[in-house]
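Asker: structure of the sequence below:
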Amino acid sequence: MKPEITIRTVEDRKMLKAFIRFPLDLYKDCENYVPAFESDEFNSLGPENPSLEFCEKELFLAYRDKKIVGRVAAIINHRANKKFGENTVRFGWIDFIEDFDVAKTLIDTVIVWGAKRGATQIKGPLGFTDMDREGLLVDGFEKESPFTVIYNYPYYPEYLERLGFTKDVDWTQRFLNFNEELPPMYKYAEIIEKRFGLHIYKAHSLKQMARRGREMFHVLNAAFDPLYEYTKLSEKQIDGYVRQYVPVLDKDLVAFVVNEKDELVAFTVTCPHISAGVRKAKGRIFPFGWIHILPWLNAKKNHITEGLLIGVLPEYQAKGAALLMTKYLHENYIRLGIKRMLMNPQLEENYKVQTLFEPYDPQPYQRRRSYVKEIKAEEI
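Answerer: Sure, this is the predicted structure:
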């Protein structure tokens with residue numbers, strides 16, 4: 001008979017560190033797993049996360065014989081629930097050993113916690129906002145995970161489906177190959193610039209990058225507003241993301257499009273594919289993790305990038321702004337010797353972005369899923 005599973009609430013920084021580092025042990029023999037940056041995890045899961053202005057959360061650890069065997073975050077995004085007319089509790093940051101009872105205990109814990117706060121359904125994996133890792137990996141387990149997304153063992157979706165979860169939405173992740181010749185569609189770039197008064201903005205300083213970075217998140221809010229479970233980022237959240245991410249962006253791997261009034265109307269952010277370095281560093285930049293990551297930041301040596309974000313204001317989505325951005329990036333990629341880009345997860349139902357890169361013949365890489373389940377009275 002297996003020892004009893006006990007659940008403990010994360011109550012201090014020591015337990016939070018254990019929560020964050022549990023996957024390092026769980027996936028120590030998995031060459032395709034890539035951890036999140038530990039500093040980002042502390043920012044997201046700690047008490048200073050600005051998302052807590054409109055979210056509630058609790059973190060749980062599962063133990064057996066005093067050893068951690070699973071973890072999960074329970075989250076209620078009140079802003080999202082109000083926007084979408086739901087009473088949803090989210091589960092995120094879920095990991096567990098290959099034991100169905102552990103998975104069930106973790107999910108049951110989230111259900112009870114959520115039901116006490118009025119939840120009638122459970123969804124996930126989801127974070128506080130769309131900027132967090134989301135979606136359980138359901139296809140592509142044999143491939144190395146980009147460092148910005150969730151990786152999990154194949155038994156995860158199997159266990160969730162045994163627990164009664166069904167598909168809510170899928171995100172597809174694809175890759176593009178770049179060669180020395182630009183696709184024919186770019187011959188229309190000059191026409192687009194003249195007709196709609198658009199052009200690429202090239203930032204030459206950190207101050208300029210910070211300015212456009214702030215505008216970038218406002219464009220993101222407008223572009224993503226109709227999408228699945230998206231809630232607009234607050235000014236406090238934007239402040240944090242600008243401080244955290246903009247200083248490390250490579251200007252050659254980022255594209256900004258502005259109109260005649262010098263207003264940002266579209267952007268795309270890519271970065272070097274640094275998964276191998278992050279895995280060796282175990283997600284820790286300091287004190288010595290940067291030594292493993294640094295070589296992969298050199299675009300001239302690392303010939304693969306990751307597409308992190310792309311956003312176009314709704315009123316410019318049919319005016320060729322995206323074409324200007326992809327042309328600019330492709331030209332930079334040729335100069336830097338970049339041959340491939342792993343695209344960010346894109347909603348399967350988002351037809352506009354799914355067809356945006358068709359001239360590059362995108363190939364499947366991985367697929368992720370958000371699951372949903374109604375909360376039954378007998379589960380509370």
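
Asker: quick one: list the elements packing against the host helix or strand of Thr326.
Answerer: Secondary structure assignment for Thr326, by DSSP states H and E: helix 321-336. Contact analysis of helix 321-336 by 3 or more C-beta pairs under 8 Å, 6 or more residues apart in numbering; DSSP states H and E lists helix 189-196, strand 199-201, strand 254-258, strand 264-272, strand 304-312 as its packing neighbours. Every residue, glycine included, has its C-beta placed from N, CA and C.

Asker: now the helix or strand bottoming out on mean pLDDT in the chain: buried residues?
Answerer: Every helix and strand in the chain was compared by mean pLDDT, DSSP states H and E; the lowest is helix 351-356, with a mean of 84. By neighbour count on 16 or more other C-beta atoms under 10 Å, the buried set for helix 351-356 is Val353, Leu356.

Asker: what comes into contact with that helix?
Answerer: Thr172, Ile310, Gln317, Ala322, Thr326, Gln346, Leu347, Glu348 (C-beta atoms under 8 Å, 6 or more residues apart in numbering).

Asker: got the contact list for the second one?
Answerer: The neighbours of Ile310, taking C-beta under 8 Å, 6+ apart as the test, are Phe267, Thr268, Val269, Ala322, Met325, Asn344, Val353, Leu356.

Asker: can you rerun that using 6 Å?
Answerer: Residues near Ile310 by C-beta atoms under 6 Å, 6 or more residues apart in numbering: Thr268.

Asker: so what pairs up with it in the strands?
Answerer: When bridges are called by DSSP bridges, Ile310 pairs up with Thr268.

Asker: quick revisit: closest one to Lys123 among the helices and strands packed on helix 321-336?
Answerer: For Lys123, the closest of the helices and strands packed on helix 321-336 is strand 304-312, at 22.4 Å, according to C-beta to C-beta.

Asker: now do that closest one and strand 264-272, the angle between them.
Answerer: Compare the direction of strand 304-312 with that of strand 264-272 by axes from the mean of the first three to the mean of the last three C-alpha atoms, to 10 degrees and you get 170 degrees.

Asker: Tyr153 versus Ile97, what's the distance?
Answerer: Ile97 is 9 Å from Tyr153, where distance means C-beta to C-beta, to the nearest Å.

Asker: on that earlier part again, now do the helix holding Thr326, average pLDDT.
Answerer: On average, the pLDDT along helix 321-336 is 95.

Asker: and the helix or strand following that helix, which strands flank it?
Answerer: Secondary structure here is assigned by DSSP H and E; on that basis, the next helix or strand after helix 321-336 toward the C-terminus is strand 340-342. The pairing partners recorded for strand 340-342 under DSSP bridges are strand 166-177 (antiparallel), strand 304-312 (parallel).

Asker: quick one, the last one and strand 254-258 angle?
Answerer: This means strand 304-312. Using the same axes, to 10 degrees, strand 304-312 lies at 20 degrees relative to strand 254-258.

Asker: hmm, back to that, quick one: which of the contacts of helix 351-356 is nearest Glu11?
Answerer: Within the set of the contacts of helix 351-356, Leu347 lies nearest Glu11; the separation is 36.2 Å, counting by C-beta to C-beta.

Asker: picking up where we left off before, and the next helix or strand after the least confident helix or strand of the chain with strand 166-177, angle?
Answerer: If you walk from helix 351-356 toward the C-terminus, the next helix or strand you reach (DSSP H and E) is strand 363-374. Comparing the axes of strand 363-374 and strand 166-177 via the same axes, to 10 degrees yields an angle of 160 degrees.

Asker: in its sheet, what does strand 363-374 sit against?
Answerer: Pairing partners of strand 363-374, with direction, according to DSSP bridges: strand 121-124 (antiparallel), strand 136-139 (antiparallel), strand 166-177 (antiparallel).

Asker: past the helix ranked longest in the chain, which element shows up next along the chain?
Answerer: Selection of the longest helix in the chain by residue count, based on DSSP state H, yields helix 206-224. Tracing the chain past helix 206-224, the next element assigned as helix or strand by DSSP H and E is helix 235-245.

Asker: and that next one with strand 264-272, angle?
Answerer: Using the same axes, to 10 degrees: helix 235-245 against strand 264-272 is 40 degrees.

Asker: can you give me the buried ones in helix 235-245?
Answerer: Buried residues in helix 235-245, counted by 16+ other C-beta under 10 Å: Gln237, Ile238, Gly240, Tyr241, Val242, Tyr245.

Asker: can you list those in JSON lines and add pLDDT and distance to Leu206?
Answerer: Output for those, formatted as JSON lines (pLDDT from 0 to 100; distance: C-beta to C-beta, whole Å):
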{"residue": "Gln237", "pLDDT": "92", "distance to Leu206": "20"}
{"residue": "Ile238", "pLDDT": "91", "distance to Leu206": "17"}
{"residue": "Gly240", "pLDDT": "88", "distance to Leu206": "17"}
{"residue": "Tyr241", "pLDDT": "88", "distance to Leu206": "15"}
{"residue": "Val242", "pLDDT": "87", "distance to Leu206": "11"}
{"residue": "Tyr245", "pLDDT": "84", "distance to Leu206": "12"}
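
Asker: so what's Pro226 up against?
Answerer: With contacts defined as C-beta under 6 Å, 6+ apart, Pro226 is in contact with no residue.
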